[in-house]
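S.K.: what shape does this take:
(chains A, B and C)
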Amino acid sequence: MKFLFKFGLVVSVITTSSLVFLILAFLLYFSIPLFDSAIFVGFFTQKWDVSKSLYGLLPMILGTIYISVLATFFATAMSFSLASLSEGFLPKKIATVVEGIIVLLAGVPTVLYAFVALFLLVPLINIYFFMGKGLSIFTASFVLAFVVLPTIYVMMLSAFRGVPKKHIKTSLCLGATKKEVFFSIMLPQAKPALLGAIVFGFARSVGDTLIALMLSGNSLHMPNTLFDSARTLTSHIALINANDYESVAFKAIFLCALLLFIFTFFVVATLKYLYKEKRYA
Amino acid sequence: MKKVLLLVCFVGLLSLHASDLDIFKGLGGSLNIAGGTAHVECEKEVVKKIMQAYPAINITIAGGGSGVGIKQVSEGLIDIANSGRAPKAEEVHRANLKSFVFAIDGIGIVVNPKSPLSNLITTQLIDIFSGKVKTFEELGFKGGEINLYVRDSSSGTQDVFVEKGINKGVISDKAKVVASNASMKTAIANDLNAIGFVSLGVADDSVKLLCIDDVCPTIDNVVNGKYKVSRGLYLITKGEPKPLAKAFIDYLQSPKGADIVKKHGFIAPKK
Amino acid sequence: MHKIFQKIIIFLFYFFAFVAFIALSVFFIFIFYKGVNAFSIKLIFDDTPPLDALMLQARVFNGIFNAIVGSFFVVFVSIILALPLGFLSSIYVACYASKNVRFWMGFLCELLSSMPSIVIGLFGLSVTIFLHKNFFAELYPSLLISACSLAILVIPYIIKMTESSLCQIPFSIKNVGLNLGASKTQNLFFVQLPYVSKEILGGIILATGRAVEDTAVIMMTGAVAMAGIPSSIFQKYEALPFFIYHISSEYSSKEQINQGFGAAILLLGVSLFLFATAFALRKIISKRSGFGI
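M.R.: Take a look at the predicted model:
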């Protein structure tokens, strides 16, 4: 019995820890045929046009960067404000309510944001603000900001809370105002963790599929302005996935996934490194 | 288990009277359909009838576009592909595809109902979709920048439109890409400056259909061939269809099926 | 100068908070207004008698009943798959692993949980294609594949929650059994696990919430527009989030949009309920033992 239990432990640890490697292996298995061919450079320089056998991923890479940078910007502005207010300025009771609401927001399914935006925000922008620019980078990133808002907010809260209470109380006792405590004690000390929260939020927004797929217009050209429509790597995977399994187009989406994998790896490694530094300091 | 069997028998007995569904008698199992999005509403109605009468049959329908359907049926991943275009010779050759027409459909150029446009000549159409003509002013109307809406590369509607509507012209990559006929309709209905193309069966009064070279996309014009941008709606199988697939295709091609086809705004093919 | 700068920043804080608050209220008011108006028995069951549908005696066609059942099944199977794996792994990591193993497991979990869900969906699809071509010709994208992929998605959540709760047990409780002569395993089963049962439950609930709402994974691995109630795990199925996505791109009438909103409010209700429960559990725990997560 005990042996069985231990056996189970080992088996499940091996299984769960190999999942990441399995994913990597499959992504490589399907995308490696593309590596040694002459078209490989083309993936990062050309446009995507299947009828001309062009399989460039550059527009999608740019689209991903534009949308997620902008979304992270919006989300950071909002969650940093909310986190600072609830940690530094608002009365305790209101702060608890705000925190409760935003933590619950993490439970709102992504597809719902996109669904509501499609029937509310898109027609609004189309008709009243920018003629026919409803499906655009701007819309997608604005809505995406609300998806990553709770993540960044929670991480920022814990960043502020990581500031030793001693320091805060001491300065309050010395007669500092709340404002002074916030700007000269909490903000500088929480800075690395705050940056970590932003990086993590950025990773979340790169990884989201549904918002970009439903709201960014999915066009294939290189995006130039905020109100252009664009396609992200994630929605490209969703749009091309049911293709001929032998075709270059299908294999190219594994390259998209591989790019996303590598990106996630670097983000997680960076964060791990940052937090490890902090622990030993 | 026994209960289910009894129920099957009971429903089976009941359906003895529903003669048009008889071809499904004694069949069971699942039938997976995927591909063209113009077919879906029409097929949903048929599937509902069949599944109500024969609980042993389970039919699934997915979208994706004609190209996706054809590729998946060639891979053997689904039983029937919906396609808005005839399969290409190489596709037929590679996977031994069999195709069956069950409806004729036109492809209409659509704009927002508030748009001043009502007629375009083919050369204008080619220029608009290639991105050469960028504003309504260039066409002699007010309105500003034109927003193009197209489908992805696996769309049969788009293939037929490119071939017959704009004479194999190019489509600008600035165009917004939507995933289905229905979402094309939605996008156009929400955008004053939009131009796109959509299956006639899907189009309704939320969008305005344009005439091409003064020929309007009416059912008569499609039937008598004056309106050029038309196509068959195909059901495609790999090799000879299996019994359930065969029954499904036969039903859609039967007079009852033709009624449903007409009800959804398509034209039933002449035998 | 500095003072004014700070004042401006604080003003901006209030401004952005206000923007977020307004946008979110508009979102919730809109979805509740539309959803509650659209919600009815007919929305779920169409014209099939509800009781017959629930007993699986009659099929539902235009309602969202199939999507509800499909979602339920796929989440259920995925949790069944993920639970033992995640649970046992976290016990190993928390109680038996060396520091190095713990570090690497933590890293891999983090990596897995930050992986875009579409990548996991694509992984599920590619495994299916691979198996279909080389081993099982009868294997297609289906409920089982979706459930497996969803399980991969939620395993890191279960591991993280269970592990952190096991690690945070106070020493006074952790060592009591050992000091009384219990073996490590006995201590685990009779002292530690019962002590953290609420946290584990909270983890499972969170994982369920995550699995219910995910759309990208299931759209890659077997959710379809119309399927009926799946009679086996090898069939395609309908699911609520996919239904909402599908409606948004393929609707052809006002009624269908209403259906979409009905489904949306249902999904929102389920997700919020799960999250609120997990949240409340956490509150209870932190009150009881004086530690929060």
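
S.K.: wait, isn't C:L153 in contact with C:I120?
M.R.: Yes. If you go by Cβ atoms under 8 Å, C:L153 and C:I120 touch, sitting 5.5 Å apart. C-beta coordinates here come from the backbone N, C-alpha and C atoms, glycine included.

S.K.: what kind of secondary structure is A:Y29 in?
M.R.: Assigned by DSSP: H, G, I helix; E, B strand; the rest coil, the conformation of A:Y29 is helix.

S.K.: ignore what I typed, I meant B:L210.
M.R.: Using three-state DSSP, the secondary structure recorded for B:L210 is strand.

S.K.: now do B:A38
M.R.: Under three-state DSSP, B:A38 comes out as coil.

S.K.: which residue is the nearest non-sequential neighbour of it?
M.R.: Take B:A38 and drop its neighbours on the chain: the residue closest to it by Cβ to Cβ, 6 or more residues apart in numbering or on different chains is B:S199, 3.8 Å away.

S.K.: any idea how far that neighbour is from C:S271?
M.R.: Remark: distance between B:S199 and C:S271 (Cβ to Cβ, to the nearest Å) = 35 Å.

S.K.: how about A:K6?
M.R.: For A:K6, the distance to C:S271 equals 37 Å [Cβ to Cβ].

S.K.: returning to that earlier point: now do the phi/psi pair for the residue nearest to B:A38.
M.R.: phi -60, psi 140 (degrees, to the nearest 10).

S.K.: now the strands for the stretch 1-150 of chain B?
M.R.: Applying DSSP state E, counting those that start in this stretch to the stretch 1-150 of chain B gives strands spanning B:29-35, B:57-64, B:80-83, B:97-111, B:119-120, B:147-151.

S.K.: residues contacting A:K47?
M.R.: A:L54, A:G56, A:L58, A:P59, A:L220, A:H221, A:M222, B:D173 (Cβ atoms under 8 Å, 6 or more residues apart in numbering or on different chains).

S.K.: if we go to 10 Å?
M.R.: A:L54, A:Y55, A:G56, A:L57, A:L58, A:P59, A:L220, A:H221, A:M222, B:D173 (Cβ atoms under 10 Å, 6 or more residues apart in numbering or on different chains).

S.K.: just give me the neighbour total for the fifth one.
M.R.: Just to be clear, that refers to A:L58. Per other Cβ atoms under 10 Å in any protein chain shown, the neighbour tally for A:L58 reads 15.

S.K.: in this structure it contacts A:V41, no?
M.R.: No. At 11.1 Å, A:L58 does not count as touching A:V41 under the criterion of Cβ atoms under 10 Å.

S.K.: picking that back up, pick the most buried one from the strands of the stretch 1-150 of chain B.
M.R.: strand B:80-83 (a mean of 30; mean count of other Cβ atoms under 10 Å in any protein chain shown).

S.K.: helices or strands up against it?
M.R.: strand B:29-35, helix B:40-53, strand B:57-64, helix B:66-75, strand B:97-111, helix B:156-160, strand B:230-238, helix B:243-253 (3 or more Cβ pairs under 10 Å, 6 or more residues apart in numbering or on different chains; DSSP states H and E).

S.K.: can you get me a residue count around the spatially closest residue to B:N190 that is not a sequence neighbour?
M.R.: Spatial nearest neighbour of B:N190, excluding adjacent residues (Cβ to Cβ, 6+ apart): A:P123 at 5.0 Å. By the criterion of other Cβ under 10 Å, A:P123 has 14 neighbours.

S.K.: list the buried residues in the helix or strand that contains A:P123.
M.R.: Assigned by DSSP states H and E, A:P123 falls within helix A:121-124. Under the neighbour-count criterion of 16 or more other Cβ atoms under 10 Å in any protein chain shown, helix A:121-124 has A:L121, A:V122 buried.

S.K.: now do the residue nearest to B:A38 against chain A, distance only.
M.R.: Noted for B:S199: a distance of 20 Å to chain A, by Cβ to the nearest Cβ, to the nearest Å.

S.K.: ok, that residue - contacts?
M.R.: Residues near B:S199 by Cβ under 10 Å, 6+ apart: B:36-39, B:84, B:105-108, B:156-157, B:160, B:180-182, B:184-185, B:231, B:233, B:264-266.
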